[in-house]
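Q: How does the following fold in three dimensions:
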Amino acid sequence: MSTDAPKQLPRFLVATITHDGRCDMFYVNSLCESAKALLSHGIILAQVIYTAEDSIMMATNRAITDAFNGEFDGLILVSPNVSWEPQALFDLINSNKDCVGLPVCTNTGFKVALGDPSRIHKDEQTGEVRVVGVTTDFLYLSGYAIKELCSTHPTIKYLGVDVKLVLQSGDIFNAYLTVDEILNSRISELNMEPWLNINHVVSSRNTTLSTGDFVQALNGLT
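A: Sure thing, here's the model as predicted:
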């Protein structure tokens, strides 16, 4: 009889930050379909909704800290008002990159910082492109990235909970920076790079559905 312990299934934390604890029904459908599809491949998704209280930045820190303390294989930050196909999430967590986003389509365009379009580098094997910054509306961080972020930043008390201060605002910058900009900066400080999977598009919903073809938009720039 084998005495080997059973191998633990890969576990990924899906963290969604809201102001009121509510999520769009299309988000819920996408998450349920993704959870079923990934479970059939032996992958577990654990979803947590974080209420932003008074700070989206600190809620994001809590999500990163929970992923670190829970020893998850990765963290997916997902906006409460987006929808996606299960294959998109499957491809994201199977990336060999430490920080990968998906292009999120809004009613004003795609949320991504491309940098100089003529200098975009593409991974021909995966179709991912290296970019200046990706949005936390749909962002994957590997277990390695989580450990590096948490081990290089201090722990503080926030609402009675120990939280890693990965993201912080204040007078450390000469300009106001968003959560997306600061997290992308933290990734770069650790010699990792943000990548974008252009094989899929995440749709966002406000009053109407915003969707589009990112590859077509990208080809129009180069």
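
Q: okay, CA-based contacts and neighbour counts for the rest of this
A: Will do.

Q: ok, what's across the strand from the one residue sitting closest to the centre of the chain?
A: Nearest residue to the geometric centre of the chain (C-alpha atoms, centre = their mean): residue 139, 1.7 Å. Counting by DSSP bridges, residue 139 forms beta bridges with residue 77, residue 101.

Q: In this structure it contacts residue 77, no?
A: Yes - Residue 139 sits in contact with residue 77 when judged by C-alpha atoms under 8 Å, with a separation of 5.1 Å.

Q: circling back to that earlier point, how about the contacts made by the residue nearest to the centre of the chain?
A: For residue 139, the contacting residues are 76, 77, 78, 99, 100, 101, 102, by C-alpha atoms under 8 Å, 6 or more residues apart in numbering.

Q: okay if I get the residues you listed as a markdown table plus neighbour count, pLDDT and distance to residue 150?
A: Shown next, in a markdown table, are the contacts of residue 139 (neighbours: other C-alpha atoms under 10 Å; pLDDT from 0 to 100; distance: C-alpha to C-alpha, whole Å):
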| residue | neighbour count | pLDDT | distance to residue 150 |
| --- | --- | --- | --- |
| 76 | 29 | 98 | 16 |
| 77 | 21 | 98 | 16 |
| 78 | 22 | 97 | 20 |
| 99 | 27 | 97 | 15 |
| 100 | 28 | 97 | 18 |
| 101 | 27 | 95 | 20 |
| 102 | 29 | 95 | 23 |
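
Q: and the helix or strand hosting residue 156, which strands flank it?
A: Under the criterion DSSP states H and E, the helix or strand holding residue 156 is strand 155-158. Strand 155-158 has the following sheet partners, assigned by DSSP bridges: strand 161-164 (antiparallel).

Q: Following the chain onward from the partner strand, which element is next?
A: Per DSSP H and E, the first helix or strand lying C-terminal to strand 161-164 is helix 179-189.

Q: So which residues make contact with that following helix?
A: Against helix 179-189 from outside (C-alpha under 8 Å, 6+ apart): 56-57, 99, 132-136, 145, 149, 166-168, 193-194.

Q: Can you name the two of the residues you listed that sit furthest apart?
A: Greatest spacing in the contacts of helix 179-189, by C-alpha to C-alpha: 56 and 193 (22.9 Å).

Q: among the contacts of helix 179-189, which one has the lowest pLDDT?
A: Scanning those for pLDDT, the low point is residue 168. It has 84.

Q: And for that residue, the neighbour number?
A: When neighbours are defined as other C-alpha atoms under 10 Å, residue 168 has 16 of them.

Q: Quick check: it touching residue 57?
A: Yes - using C-alpha under 8 Å, residue 168 makes contact with residue 57 at a distance of 7.0 Å.

Q: hmm, which helix or strand of the protein has the shakiest average pLDDT?
A: When the helices and strands of the chain are scored by mean pLDDT, DSSP states H and E, strand 209-210 comes last with a mean of 68.

Q: just checking, what packs against the following helix or strand past that one?
A: Next along the chain after strand 209-210, taking DSSP H and E as the criterion, comes helix 214-219. Counting contacts by 3 or more C-alpha pairs under 8 Å, 6 or more residues apart in numbering; DSSP states H and E, helix 214-219 is packed against no other helix or strand.

Q: And helix 214-219, what's buried?
A: By 16 or more other C-alpha atoms under 10 Å, the buried positions in helix 214-219 come out as residue 214.

Q: Just give me how far that helix sits from the chain centre.
A: Mean-position distance between helix 214-219 and its chain equals 21 Å (C-alpha atoms, centre = their mean, to the nearest Å).
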